[in-house]
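1. Can you look at this prediction? I've put the sequence above it.
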Amino acid sequence: MTTDTPPTLAVDIVIFGGAGDLSFRKLLPALYMAHLHTRFETATRIIAVGRQKWTRDEYLAFIDHQSPAFIEERAFNVDDWRIFLKRLDYVSMDVTQASDYAQLKTLCHAPALRVFYLATAPGLFTQICEQLSIAGLIDAQARVVLEKPLGTDLASARAINTEVARYFDEQQIYRIDHYLGKETVQNLMVLRFGNAIFEPLWRAPYIKSVQITVAEAVGVGSRAGFYDGAGALRDMVQNHLLQLLCIVAMEPPISFDADDVRDEKLKVLRSLRKMDLADIKRDTVRGQYTAGASEGAAVKGYKEEDNVPANSRTETFVALRANINNARWANVPFFLRTGKRMQKRQSEIIIEFADQPFSIFGATPHHEPNRLIISLQPEESIHLQMMVKEPGSGMNLHPVRLGLDLQQSSDKRRAEAYERLLMDVIKGRLTHFMRRDELEAAWTWVEPILNGWAALDDKPRDYSAGSWGPAASSALMARENLSWFEEA
Ligand code: BG6
């Protein structure tokens, strides 16, 4: 099902927001890798659209200056890079002006599959789709990729979806969440549904709790303009963390086809117990980083970062306890946590199994629960923590880990998330993209939390840059005799 078909189809990849951060950091490096590995038909073109009044040569000089730093060093080769740049074109345009689409049209050649990647502010999505339609650029094969954030709340997400649906069928719409393109996230489905041993235990009461942490060492960087209006709940939880939760919690889909997988994820989102004000107060923690140290260097607090208002109340950290109201997960808490400027970059999912009902070994001082530790980044690994006997005459137990290093397990190249997802778009595979109802269900659960924080006038709690977040985050787990799984 996943074997690559030879590239017989020429594609015009049109990137709106072609000079933006995402384009030069992620999209063009990903497209270069696809080019390097001959995943494109010879005539495939990349047409970047931007506001900057640049010529093609000026755009190429910009990309040549910016993007190589974001390409894995051993994959970068000047000769291949020069050939790749030949695929690129640039159109300077005001995307709201109908007349500006004429030049774009002259660059889109038939017969080619057209992929429109909208990496602009979501406020422009509707107008771009409308103008593409007026210009006659949308045919039945065309595909549109919608970058996050898709809206700032349920109403705005719905409005964008409704507008885009006027021009593209749902089967043509690829709502991207790059976490779904990560190798280990895709592997999580194989771990669950390609192995027999976990499924019988993958439920209450055999699982005591689930933790999902996406910790970043970086701060807000140059993105305050966007981030200060969004915050960690919208930026990370509404999409990436809830998608991870769905993959951990969903029922086995009847097949790997897009709608079968997405039906199951939707059910999880719909089963999330809605939080009322008392739940929000008890089960959520907002934080904001203050000055501290990150990876050995002194760093500023969030409020001192460029373009952040001095009185900002935006959260750069969230921890929360969620419940899934269904037969599999009743009473199993799901703890989610994400933050910027945390102690280190570490994303992992911890499945903590229930304690044994009775131990014949009596009190074991080093006892640890069985845990499945799924590391998404920076390492990609899966470990099963078990108790074994310590060598010696007594029956002393200690924890060890049965480990699988996914990087070592195969010498095949591991594509980055964006390359994988862009190739999925070209191949028409929707499984790893969000369907409209899924996205809206995620907002339906998240929105009351945003409203609740506003109603409670909830100020974010301080945490020092380089720490694991505010103390209240540990307290959230401690009251159930649990703790975040953190390793130095
Ligand atoms: C993006 C968020 O979606 O994901 C960023 O907008 C965040 O704020 C990024 O830094 C994290 O992605 P990754 O792949 O580096 O974990």
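-> Looks like it arrived, so ask away. Numbering: from 1, shown residues only.

2. Check which helices and strands whichever strand or helix holds residue 63 sits against.
-> Element membership for residue 63, per DSSP states H and E: helix 56-66. Applying 3 or more CB pairs under 8 Å, 6 or more residues apart in numbering; DSSP states H and E, one finds that helix 56-66 contacts strand 45-50, helix 78-86, strand 88-92. (Each C-beta comes from the backbone N, C-alpha and C, glycine too.)

3. So for it, what gets flagged as buried?
-> Counting neighbours by 16 or more other CB atoms under 10 Å, one finds that the buried residues in helix 56-66 are 59-60, 62-63, 66.

4. now for the helices and strands packed on helix 56-66, which one comes closest to the ligand?
-> The ligand lies closest to strand 45-50 among the helices and strands packed on helix 56-66, at 20.1 Å (CB to the nearest ligand atom).

5. contacting residues for residue 477?
-> 335, 483-484 (CB atoms under 8 Å, 6 or more residues apart in numbering).

6. Determine which residue lies closest to the centroid of the chain.
-> Compute the mean C-alpha point of the chain, and by CA atoms, centre = their mean the closest residue is residue 179, 3.1 Å away.

7. How about that one: what's its closest non-neighbour residue?
-> Spatially, and ignoring its direct neighbours in sequence, residue 179 is nearest to residue 240 (4.3 Å; CB to CB, 6 or more residues apart in numbering).

8. distance of the closest residue to the ligand within the stretch 1-150 of the chain from residue 161?
-> Going by CB to the nearest ligand atom, the ligand is nearest to residue 148 of the stretch 1-150 of the chain, at 6.0 Å. Taking CB to CB, to the nearest Å as the measure, residue 148 and residue 161 are separated by 13 Å.

9. picking that back up, looking at the helices and strands packed on helix 56-66, which one is packed in the most?
-> strand 45-50 (a mean of 24; mean count of other CB atoms under 10 Å).

10. for stretch 34-46, how far is the first residue from the last?
-> One end of stretch 34-46 to the other measures 12 Å (CA to CA, to the nearest Å).

11. Centre of the chain to it, how far?
-> A distance of 25 Å separates the centroid of the chain from that of stretch 34-46, by CA atoms, centre = their mean, to the nearest Å.

12. List of residues touching that stretch?
-> Contacts for stretch 34-46 (CB under 8 Å, 6+ apart): 4, 7-13, 15, 28, 31, 75, 77, 80, 83-84, 87-89, 107, 109, 112, 413, 419, 422-423.

13. got the buried residues for it?
-> Buried residues in stretch 34-46, defined by neighbour count with 16+ other CB under 10 Å: 34-36, 39-40, 44-46.

14. quick one: pLDDT of residue 414?
-> Reported pLDDT at residue 414 in the predicted model: 87.

15. ok, now the one 5 residues further on?
-> Per-residue pLDDT puts residue 419 at 96.

16. ok, now residue 295?
-> 83.

17. Wait, the residue nearest to the centre of the chain touches residue 244, no?
-> Yes: if you go by CB atoms under 8 Å, residue 179 and residue 244 touch, sitting 6.5 Å apart.

18. Next, show the common contact partners of the two.
-> Each of residue 185 lies in contact with both residue 179 and residue 244 under the rule CB under 8 Å, 6+ apart.

19. Backbone torsions only: list them for the closest residue to the ligand within the stretch 351-488 of the chain.
-> In the stretch 351-488 of the chain, the residue found nearest to the ligand is residue 377; the distance is 6.2 Å by CB to the nearest ligand atom. The phi/psi pair for residue 377 (degrees, to the nearest 10) reads phi -160, psi 150.

20. Once you drop chain neighbours, what's closest to it?
-> Spatially, and ignoring its direct neighbours in sequence, residue 377 is nearest to residue 347 (4.8 Å; CB to CB, 6+ apart).

21. For that neighbour, grab the count of nearby residues.
-> 24 (other CB atoms under 10 Å).

22. With residue 344 instead?
-> Residue 344: 15 surrounding residues under other CB under 10 Å.

23. one step back: ok, the residue of the stretch 1-150 of the chain closest to the ligand touching residue 174?
-> No: at 11.8 Å, residue 148 does not count as touching residue 174 under the criterion of CB under 8 Å.

24. So which of the two has more stuff around it?
-> Taking neighbours as other CB under 10 Å, residue 148 and residue 174 compare with residue 174 leading, 24 against 20.

25. Quick check: buried residues in the helix or strand hosting residue 191?
-> Residue 191 belongs to helix 183-193 when elements are defined using DSSP H and E. For helix 183-193, burial by neighbour count (16+ other CB under 10 Å) applies to 183-189, 191-192.

26. Could you do stretch 166-183 as well?
-> 167-168, 172-183.

27. cool, and stretch 367-378?
-> Under the neighbour-count criterion of 16+ other CB under 10 Å, stretch 367-378 has 369-377 buried.

28. right, and the secondary structure at the residue lying farthest from the centre of the chain would be what?
-> Here the chain reaches farthest from its C-alpha mean at residue 393, the gap being 49.2 Å by CA atoms, centre = their mean. Under DSSP: H, G, I helix; E, B strand; the rest coil, residue 393 falls in the coil class.
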